[in-house]
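Trainee: the amino acid sequence is not available; the structure is as follows:
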């Protein structure tokens, strides 16, 4: 059901500053993309085997703002796993007792595909995003 690691997300206070070392090391860094529904602005660092998502707050209700209050320098925020079927993945993890965040229904993510998040207390302390491949 899991087909791969899509990305590791790092919350940052300044996208441009955070992206600079990746650019200097020759990685491809995308243009910033505002995701109002998720309360973040993101850029993706594309690597040969995965991506790193750098995310910063967008709007006053951003969940990243709270994360950065606790971690002013930023830090790893979540892991994104690609799955073949997001509904099946959601059903599997909820049948094991995991809680989906929000209303439990997929939203459109940064790649234009359905995504859901699983509560970190139900997934070894890590916030996990599933993205339909």
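Mentor: Alright, I've got the coordinates. The shown structure was predicted, so the numbers you read here are calculated from the model rather than taken from an experiment. Numbering: from 1, shown residues only.
Trainee: hey, where'd the helices end up in this protein?
Mentor: Under the criterion DSSP state H, the chain contains helices at 15-24, 63-70, 86-95.
Trainee: could you dump those to JSON lines with mean neighbour count?
Mentor: In this view, the C-beta of every residue, glycine as well, is placed from N, C-alpha and C. What follows is the helices of the chain, written out as JSON lines (neighbours: other Cβ atoms under 10 Å):
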{"stretch": "helix 15-24", "mean neighbour count": "14"}
{"stretch": "helix 63-70", "mean neighbour count": "15"}
{"stretch": "helix 86-95", "mean neighbour count": "15"}
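Trainee: and those, which one's lowest on average pLDDT?
Mentor: Among these, helix 63-70 carries the lowest mean pLDDT, a mean of 93.
Trainee: so which elements touch that helix?
Mentor: Using 3 or more Cβ pairs under 8 Å, 6 or more residues apart in numbering; DSSP states H and E as the contact criterion, the neighbours of helix 63-70 among helices and strands are strand 2-11, strand 51-57, strand 75-83.
Trainee: deepest of those, which one?
Mentor: Neighbour counts (mean count of other Cβ atoms under 10 Å) averaged over each of those peak at strand 51-57, with a mean of 22.
Trainee: re earlier: same list, the helices and strands packed on helix 63-70, but as a markdown table with mean pLDDT and distance to residue 21 please.
Mentor: Converted to a markdown table, the helices and strands packed on helix 63-70 look like this (pLDDT from 0 to 100; distance: least, Cβ to Cβ, whole Å):
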| stretch | mean pLDDT | distance to residue 21 |
| --- | --- | --- |
| strand 2-11 | 97 | 12 |
| strand 51-57 | 97 | 11 |
| strand 75-83 | 97 | 16 |
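Trainee: what's the neighbour count on residue 110?
Mentor: Neighbour count for residue 110, taken as other Cβ atoms under 10 Å: 22.
Trainee: OK, contacts around it?
Mentor: With contacts defined as Cβ atoms under 8 Å, 6 or more residues apart in numbering, the neighbours of residue 110 are 33, 35, 38, 42, 44, 53.
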